[in-house]
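J.: A structural model of the following input is requested.
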Amino acid sequence: MLWPAKMCKVRVIGLKSAIKQTIDSLEKYGGLEIKQISSNEIKNHSAAGENLEILEKNLVLEAMLNSLESQPVKGKFAYEETKKALNSPETKKTEKRLGEIRAEMEKISAEKDDLKEKNARIKMFTKFGFDFGKTQYESIEIVAGKIQKTKMEGLQSAMQKMRVEYTQKPLNQTEAIMLIAMEKNGNALEEMQKAGFEKLSIPKMDSKPEIELARIEAQEKGLENRENALKKELQKISRENYGKLCAMKEYAQIETEKSRETEKFAASAHTFIMEAYLPEKKYPEFEKFLKAEFGEKVHIEKFSAQHLEKTHEEAPTLLEQPKQFAHFEFMTKFISIPKHNELDPTLIFMLFFPVFYGMIVGDAVYGIISFLLAKVIRDKFPDGILNPIGTLWMWCAVPTIIFGIIFDEYAGFSHEKIFEMLGFHELVLYHGLERMHNIELLMALTILLGIVTVAMGFLFGFINAARHGDKKHMYAKLGWFGITAFGTVFVSILMFNALPQEFFLPSGALLFASLAIVLIFEGIMSAIEIPSVVGNILSFARILAVGLVGVVIAAILNDLAFPSLDKGILLIVFLPLFIAGHVFNAFLAMFEALIQGARLNYVEFYSKFYQGGGKEFTPFRFNRKYTKE
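T.: Numbers count the residues shown, from 1 in each chain. A predicted model of the protein is given here:
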C-alpha cells in the first residue's frame, strides 16, 4: 500500500529463429514490460521486412472498413482463423470488389458534379427559348455575356454603332444576360468589352436548353439509381464481412506491434537477447510459464530488486493499492508517477486531502450536497476520469459533514437556531466550535496541523532515504523532523497548555541536536531553508482563512435573504434567491477547498518527501475487442 510493487528484471537468451514464437509467448503471458536494449557490442533486431508486409495489410483493411457502414459485432473471432482469413481467396475477392465499387462511386460523384455545373450554366439560357443546336453559321457568331444594368445604356449605344443584333433578359437584380449576333473575325466584341460586357461561354447543346435540362435530369437519375444500387451492395458486404474485417484489422495491428516490439531485442546472426521488467513476486510464475513454452531452448536470468537498486537502474512503477483505494491512484498519476523504489503517496493523499477539504468547507449541509452531487457524477459516468473524481469527492464529503457538526454549521445556521426556527426554543444538544467565535483557537489548531503535517513529510522523507540506503539524506530528513517535532511541542505548550512546562527543556535539546544534524549533512546553506519550512507551516492558516469566507457569505445570506413567513408575497423572490445563494456558496467553498487542499498536499507536504518522475509499468499485452486465442 505504501510502496509500489518490487520490480525485477529478466533476461531471456534464445535462438534467433524463435523470435516470433518468443514475442507471441510474451504477449500471451501479458505480465511484463519489454525493455529497449541499447549496446555498442550487439545490434538490435531488425523487423523492417515483417513490418512493411503487415503494414500494407493494415492499410488495405483500413480502406476496406472505411468503405463500409459500421455494424454491431457479436462475439469474437479465433485468432488463428482470423490469420487464415486474412490471406484467403474470399478476402481478396471482397477487397477487389470494394476497390471496384469505390472507383465506380468516385466516378459517379465526379459525373454528378459535372452535370450539376452544366445544369447551372444551361439554366441561364432557358430565358431565351433559343435552339442552341442551330448556332453554326458561316459568317455570323452567337456570343453570350452579362453586363451590369447600370452600364447597359453605354453598351447599347456601342452596339448600335456596330450594327449588331442582340436580345437581353434579366439575370438578377443588378445584371442582365445577353445573346448577341455579330460578324466573325470582327472587332465588335472588343468594343463591347470596353463598355463593360463580360463574355460567357455557351455550354455545348444540341437543342433548346429545356430539352438539355431534361436530358441532364435523366442522366442524374440514372447515376443516382446506380449509386443506390452500389450502396445496397456495400450494405450487404458490410453485414456479411464487417465483423471479420474488424478482427483482421485487429490481428494486423497486433502483429504490427509485436513486430515493432521485437526491435527492442538485441540479436546476433544466430541468437537474440530480450530484457524485461515484471513484479518480483511474479517471477516464479513467469519462469514456470517460459519453461512450459520453450523447455530448455531458452536461458533465463533474473536481476533482483536489490540488484536494480544497487546499480541505480530505473525500473517502471506498478502501483499496488487495494481495490477500494485504487480509485485514488489517478491523482498520483495525474501529478507524477513515483519512482519504482519510492513511497507511493496514494494512501497518504487519501488520508490527508479529505481532512483539509472537510476543514475548509466545514458545513454539514454543504457536505451533504457534496456527497449527493458526487454520487450522481459517479453513477452517471461508470467509465472515464469522472468516475474516480466522483468517488474522491464522496470521500471528501464525509469529513466535511463531520467538521460541519464539530463547527455547528448547517448552511450557516447553528443547530440551536434551526431548532428555534422549528419551534423548539432553548434546545441545545451540544456546543460546537463555531469558527466565527473561535478564530484564535482555530488559528492555533491549523498551525499545529501544519507542524504535524510537515513533520510527517520529513518522516516519510527519512523512510524513503533509509530504504534507498542514502544515509546523507536520511539523517538530514531526521534532523528536519526533529526541528518540526520541537515546533509541535512548542505550540502545544505555548498556545494550548496541552503539555507540561517540563517538556520545554528536552524539546529544546532536541531542537539543537536536530539543527546540528541538518547543518552537518546538508551544510550551512541549509539554514536558509528554515524560513521556508516556517512558511510552509504558516500556509496551513489558509484552512481557516478560506473557510471563514464561506461562513461570512452564509451568514449574510441567512440575514438578508432568509425566506421567513413575515416577508409575505416577497417569498417568491427570497426563496429561490436563498437556495441559489447557498448552492453557489457551497460550490465556491468546494472549489476553494479543492484548490487549497491540493496545494497544501502537493506543495507544503509532498515537497518534504516526494520526488516523482517515475514511468508507469505498461505490460506487453493487448486489449482484444474482436479476436480471441
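J.: spatially central residue in this structure, please.
T.: Taking C-alpha atoms, centre = their mean, the centroid of the chain lies closest to Ile385, which sits 8.2 Å from it.
J.: that one contacts Lys333, correct?
T.: No. Ile385 lies out of contact with Lys333 (C-beta atoms under 8 Å); the separation is 10.6 Å. (Each C-beta comes from the backbone N, C-alpha and C, glycine too.)
J.: look up the pLDDT of Gly99 for me, please.
T.: You'll see Gly99 listed with a pLDDT of 91.
J.: per-residue confidence averaged over stretch 550-568?
T.: 85.
J.: which secondary structure elements does the longest helix along the chain contact?
T.: Counting residues, the longest helix in the chain under DSSP state H turns out to be helix 209-261. Secondary-structure packing of helix 209-261 (3 or more C-beta pairs under 8 Å, 6 or more residues apart in numbering; DSSP states H and E): helix 19-29, helix 48-66, strand 77-78, helix 79-86, helix 89-123, strand 627-628.
J.: mean confidence for that helix?
T.: Predicted confidence along helix 209-261 averages 91 (mean pLDDT).
J.: report the next helix or strand after that helix in sequence order.
T.: On the C-terminal side of helix 209-261, the nearest following helix or strand under DSSP states H and E is strand 266-267.
J.: for that following strand, which outside residues touch it?
T.: With C-beta atoms under 8 Å, 6 or more residues apart in numbering as the test, strand 266-267 has contacts from Lys16, Ile19, Ile37, Ser39, Ile42, Lys43, Asn44, His45, Phe272, Ile273, Met274.
J.: helix/strand/coil for the last one?
T.: The reference is to Met274. Counting by DSSP: H, G, I helix; E, B strand; the rest coil, the backbone at Met274 sits in strand.
J.: what residues are recorded as beta-bridge partners of it?
T.: Taking DSSP bridges as the rule, Met274 bridges to Val12.
J.: I'd say it and Thr22 touch.
T.: Yes. At 6.7 Å, Met274 counts as touching Thr22 under the criterion of C-beta under 8 Å.
J.: same drill for those two, tell me which one is more crowded.
T.: Met274 (25 against 22; other C-beta atoms under 10 Å).
J.: measure the more buried one to Gly14 for me?
T.: Remark: distance between Met274 and Gly14 (C-beta to C-beta, to the nearest Å) = 8 Å.
J.: so for the strand or helix carrying Gly367, what gets flagged as buried?
T.: Element membership for Gly367 (DSSP H and E) is helix 364-380. For helix 364-380, the neighbour count (16 or more other C-beta atoms under 10 Å) marks Ala364, Val365, Tyr366, Gly367, Ile368, Ile369, Ser370, Phe371, Leu373, Ala374, Ile377, Arg378 as buried.
J.: need the residues that contact it.
T.: Contacts of helix 364-380 with the rest of the structure, by C-beta under 8 Å, 6+ apart, involve 358, 361, 386-387, 389-394, 396-398, 400-405, 409-411, 550, 582-583, 585-586, 589-590.
J.: of the buried residues of helix 364-380, which is the nearest to Glu111?
T.: The shortest gap between Glu111 and any of the buried residues of helix 364-380 belongs to Ile377, at 53.1 Å (C-beta to C-beta).
J.: shaky segments in the stretch 351-500 of the chain?
T.: For the stretch 351-500 of the chain, the stretches flagged by pLDDT under 70 are 496, 498-499.
J.: need the helices for the stretch 301-450 of the chain, in chain order.
T.: Using DSSP state H, counting those that start in this stretch, the helices of the stretch 301-450 of the chain run over 305-310, 329-335, 346-361, 364-380, 386-407, 415-421, 439-468.
J.: what's the pLDDT at the nearest residue to Gly457 once chain neighbours are set aside?
T.: Take Gly457 and drop its neighbours on the chain: the residue closest to it by C-beta to C-beta, 6 or more residues apart in numbering is Lys608, 2.9 Å away. pLDDT, Lys608: 89.
J.: what about Lys608, neighbour count?
T.: Per other C-beta under 10 Å, the neighbour tally for Lys608 reads 23.
J.: quick one: it and Gly461 touch, right?
T.: Yes. If you go by C-beta under 8 Å, Lys608 and Gly461 touch, sitting 5.3 Å apart.
J.: mind listing the shared neighbours of the two?
T.: Taking C-beta under 8 Å, 6+ apart as the contact rule, the neighbours common to Lys608 and Gly461 are Lys477, Trp480.
J.: does Ile142 sit in a helix, a strand or a coil?
T.: With three-state DSSP as the basis, the three-state label of Ile142 is strand.
J.: so which bits of stretch 211-226 are buried?
T.: So for stretch 211-226, counting by 16+ other C-beta under 10 Å, buried means Glu212, Leu213, Ile216, Gln219, Leu223.
J.: what's the most buried one of the helices and strands packed on helix 209-261?
T.: Of all those, helix 19-29 has the most neighbours on average by mean count of other C-beta atoms under 10 Å, namely a mean of 18.
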